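Peer 1: Provide a 3D model corresponding to the input given below.
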Amino acid sequence: MTDQEESKTDVAYRVLARKYRPDNFDALIGQSAMVRTLSNAIDAGRLAHAFILTGVRGVGKTTTARIIAKALNCIGHDGPTINPCGTCSECVSIAESRHVDVMEMDAASRTGVDDIREIIDGVRYAPQSARYKIYIIDEVHMLSKNAFNALLKTLEEPPEHVKFIFATTEIRKLPVTVLSRCQRFDLKRVEAEELVEHLSGIVDKEGCTAEEAALKLIARAAEGSVRDALSLLDQAIAHGAGTIDENQVREMLGLADRAQVLDLFETVMKGDIAAAITTLRSQYDLGADPSVVLQDMLDVTHWLTRLKVTPDTGNDALVSEAEKTQGGEMAKTLAMPHLTLAWQMLLKGLKEVREAPSPISAAEMVLIRLAYAMELPAPADLVKALKNKSAAPAAAETAKGGAAGGPKSAAAGSTTTHITAHQKLESAVEHAGATVLAMKQSEEGNHADHPMPITFEAMVELFKAEKMGQIAMALTDRVRVVSYRPGAFEINPENNRLPATFMMDMKQALKGWTGQDWLISLSNEAGGESLKKVQKKREDALKDEALEDPMVSALIETFPEAKIVQVRERRCDDLDSALDEETMMAEAKSEADDFEF
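Peer 2: Presented below is the predicted three-dimensional model:
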């Protein structure tokens, strides 16, 4: 081994994230607000006794804590300074994490009360050589509840020579009692433009070359984290042997070509399934992860939506001119309902791709569903078309009625209104009658669980509500009602298919619920139809009535295979009130003596 080779092995390589770690506030990028606040506090002598630094990973929390420790203990100045010299013994020992008065603690591995007790015991003693004794606790949210409680008193009133600096990524996990005792600084994500500029400077210092598009890819993947960006840059330099280009970085990160993603998205939105599947397969063969492709399509969907809402989004420095041009044209042609639908389907499809045994197959199915969905009209357009289609027959009918004679049409309209009001009146009177009966029972001292049902249907619903399903089913399916009034009724069982104890069970149950004896008898008279048949006829009538509605008929004509499954009757209180319910109740109450039960 030559001397040169031996010297190379003796010098340990330092990764870029450590090599270019800032050692003063001037080198700290993206945190100007915090630097300004600390600078003013130091100049004014208004230093807090505890600081808490929070932010996402890699934005410089621990680094900032060490810089603050240097600023407070630098002996190159007469007192605390915002510009530590970095060359005095205090600054050098703090930078190398070996200063006896600046203690760093990892709360992730030391979470208990005993660890905090060491700090409490140590704060009583003055620093050995520094101006302040400083405790830096990283990932402070990992401390136990008891450890936080043990620290509170010391944190509130520490000695003048002690400063606490906390760092955490989970600020919400800290007790409010701790937050209220600290001066808080939120370290923000570094802007993409500033991060690209920072990476470009490091590339020059390392004697490498890099394309701007490649650095933009790294900055975008780092999501505002300087440490992540430097780690990716380190990997990219090794991958390209000192030369960083866009294709290499894209291959290293497993990303699909942004232009190809835009082409893929545009193809899918046009409904060209064959071209979309071919493009996806070509990207997959080149190493692109299907989930990453869908994630990129989600980003494109979000970007295009923002372009429609806020056109200034197109000025993003991380977006190339070609992307801006193509994206701008797509944003003009795509409707907002289609973009929101694409977002929902891609978001759901991304989860399916990540969980599927074959991600590429799942991704293809997602694109196929999305392409077919884009061929469907937007819901608003569909409703508008149906309204237009239903308005034409209505207008023709109105013109026909007007030609035949206006008064007749007016009369027909008034008849419909009268029927609707009559239905409301019946429902309200039924409700009022039940209420009056309950009031009379209360006045007589009869403590019943339920009001007296005034109709046979109401009585059957009472059995259903009380979980006596067999009796309720028999009354619905096997019985014809001959007569009914509250407290007495006659029935004709079909084919005598009632259980032996049926009558007695009904009497006992009704007496227990209403507090009155019931007279129930069997009759040989034909009576009316069973409730089941009555309900079936009512449902059929409602469906026939619904089919006469112009909107429904237009819908059936547009979708021939569609059918009416169920029609829900609108209750009286759901409609526009034709009669004042309170007035009706008052009248019913005043005429209570006229009711016979």
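Peer 1: Could you list the domains of this structure?
Peer 2: Domain assignment for the chain by automatic domain parsing gives 16-186, 192-252, 254-375, 448-528.
Peer 1: among those domains, which is nearest residue 568?
Peer 2: Shortest distance between residue 568 and the domains of the chain, using CB to CB, is found for domain 448-528: 16.5 Å. For the C-beta atoms, the positions are set from N, CA and C on the backbone; glycine is no exception.
Peer 1: average model confidence for that closest one?
Peer 2: Domain 448-528 shows a mean pLDDT of 82.
Peer 1: so where's the protein uncertain?
Peer 2: 1-11, 254-257, 313-322, 377-383, 385-387, 389-449, 496-497, 569-597 (pLDDT under 70).
Peer 1: All the strands of it, residue numbers only.
Peer 2: Secondary structure of the chain, counting by DSSP state E: strands at 50-54, 102-106, 133-138, 162-168, 183-186, 209-210, 243-244, 479-485, 488-493, 519-522.
Peer 1: and the ones you listed as JSON lines, adding distance to residue 289 and mean neighbour count?
Peer 2: Listed next are those as JSON lines, based on distance: least, CB to CB, whole Å; neighbours: other CB atoms under 10 Å:
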{"stretch": "strand 50-54", "distance to residue 289": "32", "mean neighbour count": "23"}
{"stretch": "strand 102-106", "distance to residue 289": "34", "mean neighbour count": "18"}
{"stretch": "strand 133-138", "distance to residue 289": "33", "mean neighbour count": "24"}
{"stretch": "strand 162-168", "distance to residue 289": "32", "mean neighbour count": "24"}
{"stretch": "strand 183-186", "distance to residue 289": "33", "mean neighbour count": "16"}
{"stretch": "strand 209-210", "distance to residue 289": "24", "mean neighbour count": "20"}
{"stretch": "strand 243-244", "distance to residue 289": "21", "mean neighbour count": "19"}
{"stretch": "strand 479-485", "distance to residue 289": "66", "mean neighbour count": "18"}
{"stretch": "strand 488-493", "distance to residue 289": "70", "mean neighbour count": "18"}
{"stretch": "strand 519-522", "distance to residue 289": "73", "mean neighbour count": "13"}
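Peer 1: how about the domains of the chain, which one is nearest residue 548?
Peer 2: With CB to CB, the closest approach to residue 548 among these belongs to domain 448-528: 26.0 Å.
Peer 1: and that closest one, how far out from the chain's middle?
Peer 2: Its chain's C-alpha centre and that of domain 448-528 lie 50 Å apart, by CA atoms, centre = their mean, to the nearest Å.
Peer 1: Dump the strands of the chain into JSON lines; add distance to residue 472 as well.
Peer 2: Shown next, in JSON lines, are the strands of the chain (distance: least, CB to CB, whole Å):
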{"stretch": "strand 50-54", "distance to residue 472": "62"}
{"stretch": "strand 102-106", "distance to residue 472": "68"}
{"stretch": "strand 133-138", "distance to residue 472": "67"}
{"stretch": "strand 162-168", "distance to residue 472": "61"}
{"stretch": "strand 183-186", "distance to residue 472": "63"}
{"stretch": "strand 209-210", "distance to residue 472": "78"}
{"stretch": "strand 243-244", "distance to residue 472": "77"}
{"stretch": "strand 479-485", "distance to residue 472": "11"}
{"stretch": "strand 488-493", "distance to residue 472": "14"}
{"stretch": "strand 519-522", "distance to residue 472": "15"}
